[in-house]
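Engineer: model the following, please.
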Amino acid sequence: MVFLWPTLLWLLLVVPLLVLLYWWLLHRRKKTALSYSSLSLVREAMGPGQNLRRHLPPVLFLLALVALLLAAARPLAVITLPSQDQTIMLAMDVSGSMRAADVEPDRITAAQNAAKAFIAELPRHVRVGIVAFAGSAQLAQLPTQSREDLVKAIDSFQLQRGTATGNGIMLSLATLFPDAGIDISALGGRQAMRPKPIDEIGKQDPAKAFTPVAPGSYTSAAIIMLTDGQRTTGVDPLEAAKWAADRGVRVYTVGVGTVAGETIGFEGWSMRVRLDEETLKAVATRTNAEYFHAATAADLKKVYETLSSRLTVEKKETEISALLALAGAALALLAAALSVWWYGRVM
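Structural biologist: Reported below is the predicted structural model:
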């Protein structure tokens, strides 16, 4: 525990002095007490319960004093609080391989249902944006609090050819950081767009220059990328992950389907798709996030439930003086109440 005013902790030395004063007063009271013909009768009348009752109010009062003195030193503690300013970008794979039925009823339907359930469970203040990617990436919905607009965007997915996982991450970042210098127009094509290095952006426009931060340190936004295949075009997802890591944005990756792969056919053509777990794990690790594998619709639902609980709370170093002051006041009132109840006086 850290204190903003640690010098005030010296006041805690008053506590042992008060304990000595209390002991001295008890000793003095014994000397001035009346002499009884039989001390054994007094001890029997008092009993162990009476002795405990006699000392409980002063002990509670001393504990109250300790709590109040600690509060005066303004302690800080890391506690978990609901996130008040959170944006989540859902980057979802809409490539043709999402037709595979190894996840019932098929991958795309299971992904849509799980995403809609995830959005429904989020606190209303959390904004959600949606990026759909296949051979290119498109912004399906700007970050919004409207759950109805998000559901419409998810229901409007159209499957396409190609898998540009890196483009999905980059477009999500461009949405979160519109002044980051990401060329969104290049993301729409099939070419393997390479984002400009961060230092080059700073040279061209000093207003856009920034210092990279620790991976995962940006708590106001996160990206969830769901895919079932390997990258076939577009930006290298590991390069996109570096962009996210430099800005502190976590990229949680979700792999859908079987790791061994699945052969699917559509309109006279067939293809074999395989989940690239190695790359998805590397993206999550580089951004200080996590990778999840969902082989079934139930697994996918559990993944989103886990992400919901992790992304809607944050750990913050917060001053807890008020809590200690409240505890001190409660202990002092309890001490006074017990003293009045038992002895008809305040200690």
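Engineer: that's a strand at R231, yeah?
Structural biologist: No: R231: not assigned to a strand; according to DSSP: H, G, I helix; E, B strand; the rest coil it is coil.
Engineer: read off the pLDDT value for it.
Structural biologist: Per-residue pLDDT puts R231 at 87.
Engineer: quick one: secondary structure of A214?
Structural biologist: Following three-state DSSP, we place A214 in the coil state.
Engineer: now do the same contact list for it.
Structural biologist: Residues near A214 by CB atoms under 8 Å, 6 or more residues apart in numbering: G248, N288. No exception for glycine: its C-beta is placed from N, CA and C like everyone else's.
Engineer: from T287, how far off is it?
Structural biologist: For A214, the distance to T287 equals 11 Å [CB to CB, to the nearest Å].
Engineer: likewise L18?
Structural biologist: 53 Å.
Engineer: and those two? Which one has more around it.
Structural biologist: T287 (28 against 13; other CB atoms under 10 Å).
Engineer: and the closest residue to the more buried one other than its chain neighbours, what does it touch?
Structural biologist: Counting by CB to CB, 6 or more residues apart in numbering, V251 is the residue found nearest to T287 once chain neighbours are left out, at 4.4 Å. V251 makes contact with I169, A222, I223, I224, M225, A241, A244, V283, A284, T287, A289, according to CB under 8 Å, 6+ apart.
Engineer: wasn't V251 part of a helix?
Structural biologist: No: judged by three-state DSSP, V251 forms no part of a helix; its state is strand.
Engineer: for the stretch 151-300 of the chain, which spans come out with low pLDDT?
Structural biologist: Scanning the stretch 151-300 of the chain for pLDDT under 70 picks out 183-210, 260-273.
Engineer: can you give me the helices for it?
Structural biologist: 165-176, 184-187, 198-204, 237-246, 277-286, 297-311 (DSSP state H, counting those that start in this stretch).
Engineer: show me where the stretch 51-200 of the chain has its strands.
Structural biologist: For the stretch 51-200 of the chain, strands defined by DSSP state E, counting those that start in this stretch occupy the ranges 75-82, 87-93, 127-133, 137-144.
Engineer: any idea how this structure splits into domains?
Structural biologist: 2-78+317-343, 84-311 (automatic domain parsing).
Engineer: pretty sure Q112 is touching I154, no?
Structural biologist: Yes: Q112 sits in contact with I154 when judged by CB atoms under 8 Å, with a separation of 5.2 Å.
Engineer: how many neighbours does K152 have?
Structural biologist: 12.
Engineer: correction: A327
Structural biologist: 18.
Engineer: any idea how far L334 is from it?
Structural biologist: Counting by CB to CB, the gap from A327 to L334 is 11 Å.
Engineer: same check, this time on R29
Structural biologist: 24 Å.
Engineer: between the two, who's got more neighbours?
Structural biologist: Ranked by neighbour count (other CB under 10 Å), R29 and L334 place L334 first, with 16 against 9.
Engineer: ok but that one is inside a helix, no?
Structural biologist: Yes: per three-state DSSP, L334 lies within a helix segment.
Engineer: any idea how far it is from L122?
Structural biologist: 41 Å.
Engineer: just to revisit the earlier point, partner residues bridging the residue nearest to T287?
Structural biologist: Taking DSSP bridges as the rule, V251 bridges to I223.
Engineer: distance-wise, check it relative to L52.
Structural biologist: 59 Å.
Engineer: A140 now?
Structural biologist: 68 Å.
Engineer: cool, I154 as well?
Structural biologist: Distance from I154 to L52, by CB to CB: 64 Å.
Engineer: and these two? Which one has more around it.
Structural biologist: For I154 versus L52, neighbours defined as other CB under 10 Å are more numerous around I154 (20 against 10).
Engineer: and E317, helix, strand or coil?
Structural biologist: Applying three-state DSSP: E317 is strand.
Engineer: just the pLDDT at it, thanks.
Structural biologist: E317 is given a pLDDT of 70.
Engineer: do L34 as well
Structural biologist: 50.
Engineer: cool, the one 3 residues further on as well?
Structural biologist: Reading off the per-residue confidence, S37 sits at a pLDDT of 49.
Engineer: L323 now?
Structural biologist: For L323, the model assigns a pLDDT of 89.
Engineer: over to L90?
Structural biologist: pLDDT at L90 comes out at 96.
Engineer: before we move on, the earlier item: most surrounded residue in the contacts of V251?
Structural biologist: Counting by other CB under 10 Å, top hit in the contacts of V251: I169 with 31 neighbours.
Engineer: right, and that residue touches A91 too?
Structural biologist: Yes: with contact defined as CB under 8 Å, I169 and A91 form a contacting pair (6.3 Å).
Engineer: shared neighbours of these two, anything?
Structural biologist: The contact sets of I169 and A91 overlap at I223, M225 (CB under 8 Å, 6+ apart).
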